[in-house]
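J.: what's the 3D shape of this:
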Amino acid sequence: HRLSYMSLREGRYWTLVTHIFHHADGLHLLMNSFTLYFVGGTLSFLAPGRLLFLYLASGIAGGLAHVSANMLLPRKRNSSLFSRQREYVIGCSGSVCGLLAYTCLTAPHMKVMIFPIPI
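T.: Residues are numbered from 1 along each chain as shown. Model prediction:
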């Protein structure tokens, strides 16, 4: 259920999807759900299948971006390549950010409330 460089290298490709539905703890799940509630509400005009596709595609893209950045960007001197290969991604933050980006691109003048702050 955790997405990492090693999980992909070992052929566990399902972690590209399962990491989206796994969260570190209740607060992590609550914060992602709260944000998804506000962002997802702005996309109510989309067909359910399209919304699901955007959600999953954004989560996969976000997870791959995180894993790639983790492997490619310079780190502290004491961070070994071995330890970076094992760092993992969980949660639906990539999905939520992707939905927010889609909203901004398709309806740039729409107000979206996030944590009672309009953006």
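J.: I'd assumed Gly62 was in contact with Ser93.
T.: Yes - because the distance of 6.7 Å satisfies CB atoms under 8 Å, Ser93 is recorded as touching Gly62. Heads up, the C-betas are built off the backbone N, CA and C, glycines and all.
J.: where in this protein is pLDDT low?
T.: Low-confidence segments of the chain, defined by pLDDT under 70, span residues 74-86, 115-119.
J.: Kindly recompute the last result at 80.
T.: Residues of the chain meeting the criterion pLDDT under 80: 40-41, 73-86, 111-119.
J.: Would you tell me what the next helix or strand after whichever helix or strand Met31 is part of is?
T.: Assigned by DSSP states H and E, Met31 falls within helix 26-41. Once the chain leaves helix 26-41, the next helix or strand it forms, by DSSP H and E, is helix 48-72.
J.: That next one packs against which elements?
T.: Applying 3 or more CB pairs under 8 Å, 6 or more residues apart in numbering; DSSP states H and E, we find helix 48-72 packed against strand 3-4, helix 5-9, helix 15-21, helix 81-86, strand 88-89, helix 93-106.
J.: And the second one, how far out from the chain middle?
T.: The chain centroid and the centroid of helix 5-9 are separated by 17 Å under CA atoms, centre = their mean, to the nearest Å.
J.: try the fifth one
T.: Strand 88-89 sits 10 Å away from the centroid of its parent chain (CA atoms, centre = their mean).
J.: Give the pairing partners of it; include direction for each.
T.: Strand 88-89 has the following strand partners under DSSP bridges: strand 3-4 (antiparallel).
J.: Would you mind pulling the contact partners of the partner strand?
T.: With contact meaning CB atoms under 8 Å, 6 or more residues apart in numbering, strand 3-4 is reached by 15-16, 18-19, 63, 66-67, 85-90.
J.: what about burial for those, which qualify?
T.: For the contacts of strand 3-4, a neighbour count by 16 or more other CB atoms under 10 Å gives the buried set as 15-16, 19, 63, 66-67, 85, 88-90.
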